[in-house]
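>>> I'll drop the sequence and a predicted model, then ask my questions.
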Amino acid sequence: MPYQWSKTGKEELLLAWPHRSLPRRGFVWFIGITAALLTLPLMAVLGSVVMWALLPFMLGAIAAVWWAISHSYRTGSTLEELRFAGGCIALTRHEPGKPVREWRAKAYWIRAIIRPGPVESYLVLVGDHESGREIEFGAFLAPEERVALLSELNRALARHSGRA
C-alpha cells in the first residue's frame, strides 16, 4: 500500500503518496523498446529521402511519450504527512507546484469517516468542535486502501486523544 506508519517515541507519523505503477527502471525499458519498435519501419527506407521525412515524426512520438510519463512522475510526487504527537494532529500536504499546506487540530475533536465525495470512499478527517471543518486525506489512494486506512486512523486518533 502506498502509505507507511512510523513511530518515534510518543510521536506517530503516517506518510501517504500516490501509487506508481511504472518504476524508473521500467520507464527506461519502455522508452528503449518504443524507440526500437518505431525504428523498424525506418529500416525499409534506410538511405532514402523518405527516411528523413519520417524521422522527425518518430522522434516527436518518442519525445511526446517521454514528456507524458515524466509529467506523470512530477505530478505523482504528492506527499501527505499526518503527524500524531502530544494529543494533537498535524496534516501537511506537499504538492508539486503548490505551496505546502498545513492543518492542525486537537486529536480529541477529530474522527475519520468515509462519505460520498469526489472519489469513491472519500476519506475525511472531521472536527466535532464548533468549526466542523473537514479535510480530505489520501484522495489519491485506491478506494480499498482508504477503507483499510479508516480503522487504522481512528485507532491512532483514539490512542492520541485519550479515548482509547
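Done, it's in.

>>> any idea how far R25 is from Y73?
13 Å (C-beta to C-beta, to the nearest Å). In short, each C-beta sits where N, CA and C put it, glycine included.

>>> Relative to its centre, which residue of this protein is most distant?
S48 (47.2 Å; C-alpha atoms, centre = their mean).

>>> Report the buried residues of the host helix or strand of R74.
Using DSSP states H and E, the element containing R74 is helix 49-75. Using 16 or more other C-beta atoms under 10 Å as the test for burial, helix 49-75 gives 54, 58, 62, 65.

>>> Count the residues that sit near T78.
By other C-beta atoms under 10 Å, 15 other residues sit near T78.

>>> oh, I was asking about V45
V45 has 14 nearby residues by other C-beta under 10 Å.

>>> what does Y3 give?
19.

>>> helices or strands next to the helix holding R74 in the packing?
helix 24-43 (3 or more C-beta pairs under 8 Å, 6 or more residues apart in numbering; DSSP states H and E).

>>> circling back: can you redo the buried residues of helix 49-75 as JSON lines, where the extra columns are distance to A148?
JSON lines is the format used below for those (distance: C-beta to C-beta, whole Å):
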{"residue": "L54", "distance to A148": "50"}
{"residue": "M58", "distance to A148": "45"}
{"residue": "I62", "distance to A148": "39"}
{"residue": "V65", "distance to A148": "34"}
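
>>> closest to Y3 among those residues?
V65 (29.6 Å; C-beta to C-beta).

>>> show me the contacts for that closest one.
30-31, 34 (C-beta atoms under 8 Å, 6 or more residues apart in numbering).

>>> List buried residues within these.
Using 16+ other C-beta under 10 Å, nothing in the contacts of V65 comes out buried.

>>> shaky segments in the protein?
1, 128-132, 163-164 (pLDDT under 70).

>>> center of it - which residue?
Note: the chain centre (C-alpha atoms, centre = their mean) maps to P18, 1.9 Å.

>>> Contact partners for the residue nearest to S121 when sequence neighbours are not counted?
In space, and not counting its chain neighbours, S121 is closest to P143: 4.1 Å by C-beta to C-beta, 6 or more residues apart in numbering. With contact taken as C-beta under 8 Å, 6+ apart, P143 is in contact with 119-121.

>>> Phi and psi next, for the closest residue to G87 other than its chain neighbours.
Spatial nearest neighbour of G87, chain neighbours left out: A107 (5.5 Å); criterion: C-beta to C-beta, 6+ apart. Per-residue torsions, A107: phi -60, psi -30 (degrees, to the nearest 10).
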